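Asks: here are the coordinates; sequence isn't available:
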């Protein structure tokens, strides 16, 4: 879905993967459901649309659509900090079996732009533009 803001139209989608600290397989079904609720709430506050969410025992995948002026690194830092704090609070007993310090996410993350036409199609389109003769 294309969005607009003032004189700009944009369609920016990102695939974000967050991994648990030490790749511990600690995410349960209930935790995953709660993580989705927390992440959707945080995204809503940042005016970021969650297009898809899922995960496994040691990581989650989030497909989002965001405004071009959003500071992506600040958003991701906030998302990880808040979701970690809230999930550790609610599932303290369960997570104590995996972590003796207040950990949940690893410091690293994966993010990639996604959606739209394949890169080769866009390259061909740009190359096919009629350059001015003069």
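Replies: Looks like it came in fine. Since the model is a prediction, treat every value here as computed from it, not as a measurement.

Asks: tell me the centre residue of this structure?
Replies: Nearest to the mean C-alpha position of the chain, counting by Cα atoms, centre = their mean, stands residue 16 at 3.4 Å.

Asks: Pretty sure residue 106 sits in a helix.
Replies: No. Using DSSP: H, G, I helix; E, B strand; the rest coil, the assignment for residue 106 is strand, not a helix.

Asks: pretty sure it is touching residue 20, no?
Replies: Yes. Taking Cβ atoms under 8 Å as the definition, residue 106 is a contact partner of residue 20 at 6.8 Å. Just so you know, the C-beta spots here come from the backbone N, C-alpha and C atoms, and that holds for glycine as well.

Asks: between the two, who's got more neighbours?
Replies: Ranked by neighbour count (other Cβ atoms under 10 Å), residue 106 and residue 20 place residue 20 first, with 23 against 16.

Asks: out of everything not next to it in sequence, what's closest to that one?
Replies: Once flanking residues are discounted, residue 20 sits nearest to residue 58: 5.0 Å by Cβ to Cβ, 6 or more residues apart in numbering.

Asks: Beyond the top helix by length along the chain, next helix or strand please.
Replies: In terms of residue count, the longest helix belonging to the chain (DSSP state H) is helix 72-90. Remark: after helix 72-90, the chain's next helix or strand is helix 92-95, criterion DSSP states H and E.

Asks: how far does that next one sit from the chain's center?
Replies: Its chain's C-alpha centre lies 24 Å from the corresponding centre of helix 92-95 when counted by Cα atoms, centre = their mean, to the nearest Å.

Asks: Flag every buried residue along that helix.
Replies: residue 95 (16 or more other Cβ atoms under 10 Å).

Asks: What average pLDDT does that helix get?
Replies: Helix 92-95 shows a mean pLDDT of 97.

Asks: Am I right that the residue nearest to the centre of the chain sits in a helix?
Replies: No. Counting by three-state DSSP, residue 16 is not found in a helix; it is strand.

Asks: Could you list the low-confidence segments of the protein?
Replies: Applying pLDDT under 70 to the chain flags the ranges 1-6, 132, 134.

Asks: Please enumerate the helices of this structure.
Replies: 29-45, 72-90, 92-95, 119-127.

Asks: Cool, thanks, signing off.
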